[in-house]
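Trainee: have a look at this prediction, sequence included:
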Amino acid sequence: DIVFFASGDYAFSYNIAYKIARKRNIPLIISCMDDFYLFNMNSNSFLGRFRQKCFMKTVKKTINYSSGLVTLNTKMNKAYSKLFQKPCFVYHNSATSFDNILAKDNPTAISYLGNLSLGRYKQLIDIGRALKEIDSNLHINVYSSETNKEVLSKMIPENGINFCGKVSADKVNRIIKESLLVIHTESFDEVFKERVRYSTSTKIPDCLLSGTCMLAYGPSDIASIEYLKENDAAFIIDNNTDLKERLIEILNNGNLRENIIKNEIELAQKKHSSEINSNDFHSWLMEI
């Protein structure tokens with residue numbers, strides 16, 4: 001009935017999707033879960049720019065044939081609607097259930113779960129050091145499968161970091177649920193900002209539904225921070241000049257955390273329900 005193409009950054013796969021849809025005379029929908037079109041990691045070299053030009057020629061041919069695009073977030077949706085002049089649907093990642101996990105009474109843990117690439121480890125060090133200045137007993141529990149020795153050498157108590165290593169998938173939600181704050185962070189570095197400008201972390205929906213207050217530290221003009229800020233669904237720190245003062249505010253203000261948690265859960269139920277997303281997506285497919 002339809003070709004649903006999960007796109008990437010190799011031209012040959014676009015040609016395959018295009019030829020199948022054309023040959024069978026059926027609609028083509030293209031799913032964009034990362035930014036392969038506006039960001040070019042090799043833009044500093046002639047061959048990198050030439051490769052991107054050839055790639056985009058194939059992309060545009062395939063998208064011109066398509067009936068529409070599926071995007072990851074509102075920021076990407078707006079950018080791709082303008083770039084390709086095609087109907088776009090935002091398919092938010094769905095949150096998993098926390099029904100069987102009880103919240104910890106008076107939690108004190110501050111947690112980060114995820115990879116440390118793209119400058120994220122430097123952001124965590126900023127927070128960790130600020131926490132130690134506030135109270136020498138405060139630190140971040142970092143759960144990550146990171147193996148880079150240079151990065152790991154900085155994940156130390158002196159930087160306010162307790163590195164806990166990799167954890168199994170079934171423990172992730174329990175750790176989030178039992179934390180006082182769970183951190184989402186992106187780098188302020190311009191190079192890294194361009195790479196993640198239209199990306200959204202897959203763990204954000206789960207954090208929203210968890211009942212734990214989210215602390216988002218990063219630039220407000222990238223998709224993930226912008227989304228949380230627009231919906232008042234995290235405590236946002238979008239600069240490093242008043243980091244310590246802002247951390248003191250969220251640590252000491254229980255009412256503020258409760259209000260944020262309320263907004264998080266409402267957003268998760270509205271935008272990150274698998275049932276609602278599926279129904280809305282089906283309606284969109286029928287419409288286009």
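Mentor: All right, it came through fine.
Trainee: C-alpha from now on. contacts and neighbour counts both.
Mentor: OK.
Trainee: all helices of this protein, in order?
Mentor: 11-24, 46-65, 74-84, 120-134, 149-152, 169-177, 190-196, 204-209, 223-230, 243-252, 254-271, 274-287 (DSSP state H).
Trainee: so the first one versus helix 46-65, what angle?
Mentor: Taking axes from the mean of the first three to the mean of the last three CA atoms, to 10 degrees, helix 11-24 and helix 46-65 form an angle of 20 degrees between their directions.
Trainee: which residues are in contact with stretch 281-288?
Mentor: Applying CA atoms under 8 Å, 6 or more residues apart in numbering, the set of residues contacting stretch 281-288 from outside is Ser67, Gly68, Pro87, Phe89, Tyr91.
Trainee: ignore what I typed, I meant stretch 27-44.
Mentor: Defining contact as CA under 8 Å, 6+ apart, one finds that stretch 27-44 is touched by 1-9, 17-18, 21, 48-49, 52, 56, 63, 65-72, 194-195, 198-199.
Trainee: got it, and stretch 95-115?
Mentor: Stretch 95-115 is contacted from outside by 139-146, 172-184, 205-206, 208-210, 268, 272-274, using CA under 8 Å, 6+ apart.
Trainee: could you identify which of the helices of the chain is most buried?
Mentor: With neighbours taken as mean count of other CA atoms under 10 Å, the helices of the chain reach their highest mean count in helix 204-209, at a mean of 25.
Trainee: on that earlier part again, just the contacts of stretch 281-288 now: which is nearest Arg129?
Mentor: For the contacts of stretch 281-288, the residue nearest Arg129 by CA to CA is Tyr91; the value is 37.0 Å.
Trainee: give the contact list for Asn25.
Mentor: Residues counted as contacts of Asn25 (CA under 8 Å, 6+ apart): none.
Trainee: tell me how far it lies from His282.
Mentor: 20 Å (CA to CA, to the nearest Å).
Trainee: cool, and Ile250?
Mentor: 40 Å.
Trainee: Ala79 now?
Mentor: Separation of Ala79 from His282 (CA to CA): 23 Å.
Trainee: if you average pLDDT over stretch 50-62, what comes out?
Mentor: Stretch 50-62 shows a mean pLDDT of 95.
Trainee: now do that stretch: distance to the chain's middle.
Mentor: The chain centroid and the centroid of stretch 50-62 are separated by 26 Å under CA atoms, centre = their mean, to the nearest Å.
Trainee: CA atoms of that stretch as CSV?
Mentor: Extracted C-alpha coordinates of stretch 50-62, given in CSV (Å, rounded to 0.1, in the frame of the first residue of the first chain):
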residue,chain,number,x,y,z
PHE,A,50,30.8,17.9,-3.2
ARG,A,51,29.6,14.7,-1.6
GLN,A,52,26.8,16.6,0.2
LYS,A,53,25.7,18.2,-3.1
CYS,A,54,25.5,14.8,-4.8
PHE,A,55,23.7,13.3,-1.9
MET,A,56,21.1,16.2,-1.7
LYS,A,57,20.4,15.8,-5.5
THR,A,58,19.2,12.2,-4.8
VAL,A,59,17.4,13.3,-1.6
LYS,A,60,15.5,16.0,-3.4
LYS,A,61,14.5,13.7,-6.2
THR,A,62,13.1,11.2,-3.8
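Trainee: thank you, goodbye.
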